[in-house]
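**Q** coords below, sequence missing:
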């Protein structure tokens, strides 16, 4: 199954649409038995990420190409998002480091998976679950002038943020959201897919999946809406990061989250 979502920057109408691209079961990985638990389909570890039943802590291995590191503000906002939604009594750890460019941009998801295979060093161990986040120095290969992808969640504990694209958008025109706001929205949105939203491993408690965009919420302005508009009205409110609506939060709570 492949679910395609998008974040588009529409120059002609002066607004930004936020979305993503989710690709599961497309990743060429070494068949290492110790890594099998981190090589599963998207959404299949939702309960393990949300609850403290099997894992008491979580470690985020956040790897960025040199010069494409996320802003401190976005990392702090992301940590707060995790603290708000996850039960991890032994803590939430974010390990950051940089790597050299792969020189493969623009990327397809298979190339991102190969980069993970080369750079990921942390896997589930004991009661600690790990998630891999890669900040890429480029864009997704099928981007167009009208439609660009900011992030992809592609396995149960794997996601990529196309930081090269985010940097072209953040604050690029008067009234546009800041880089840290777009980074936060992309991080939170993609991680919420790992948490099984919407209907990707966390069961629906009410019918709010977008019938036109599987894996997304049909509630306007929800973080998991397929297209969140940072138009003049919303941008006039300042650098506000979209939040999960009550229906998405109810789904997470029913699956072991906060």
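**A** The structure has been received and is ready for your questions. What you are looking at is a predicted structure, and each value in this text was computed from that prediction instead of being measured.

**Q** Spit out the contact partners of residue 106.
**A** Residue 106 makes contact with 138-141, 143 under the criterion CB atoms under 8 Å, 6 or more residues apart in numbering. C-betas here are computed from N, CA, C, even on glycine.

**Q** Out of the residues you listed, which is nearest to residue 68?
**A** Comparing these against residue 68 with CB to CB places residue 138 closest, at 8.8 Å.

**Q** if you skip the residues just before and after it, what's nearest to the closest one?
**A** Excluding the flanking residues, the one nearest residue 138 by CB to CB, 6 or more residues apart in numbering is residue 105, at 2.4 Å.

**Q** now swap in residue 254 and tell me
**A** Closest to residue 254 by CB to CB, 6+ apart is residue 205, at 5.2 Å.

**Q** Verify the stated contact: that neighbour with residue 247.
**A** Yes: counting by CB atoms under 8 Å, residue 205 does reach residue 247; the two are 7.3 Å apart.

**Q** neighbour-wise, which of those two wins?
**A** Higher neighbour count among residue 205 and residue 247: residue 247, with 20 against 15, using other CB atoms under 10 Å.

**Q** The nearest residue to residue 225 once chain neighbours are set aside: neighbour count?
**A** Closest residue to residue 225 apart from its sequence neighbours, by CB to CB, 6+ apart: residue 217 at 5.4 Å. For residue 217, the neighbour count with other CB under 10 Å is 25.

**Q** can you check residue 57 too?
**A** Using other CB under 10 Å, the number of residues around residue 57 comes to 17.

**Q** Just the pLDDT at it, thanks.
**A** Residue 57 is assigned 98 on the pLDDT scale.

**Q** which residue packs closest to it, ignoring adjacent ones?
**A** In space, residue 57 is closest to residue 90, 3.8 Å off (CB to CB, 6+ apart).

**Q** can you tell me the helix or strand for that neighbour?
**A** Using DSSP states H and E, residue 90 sits in no helix or strand.

**Q** mind listing what it touches?
**A** 56-57, 127-128.

**Q** Let me see the ranges of the strands in the protein.
**A** For the chain, the strands defined by DSSP state E occupy 2-3, 9-10, 15-18, 22-23, 57-65, 92-99, 128-135, 151-155, 158-161, 228-229.

**Q** so where's the stretch 1-150 of the chain uncertain?
**A** 1-19, 21-31 (pLDDT under 70).
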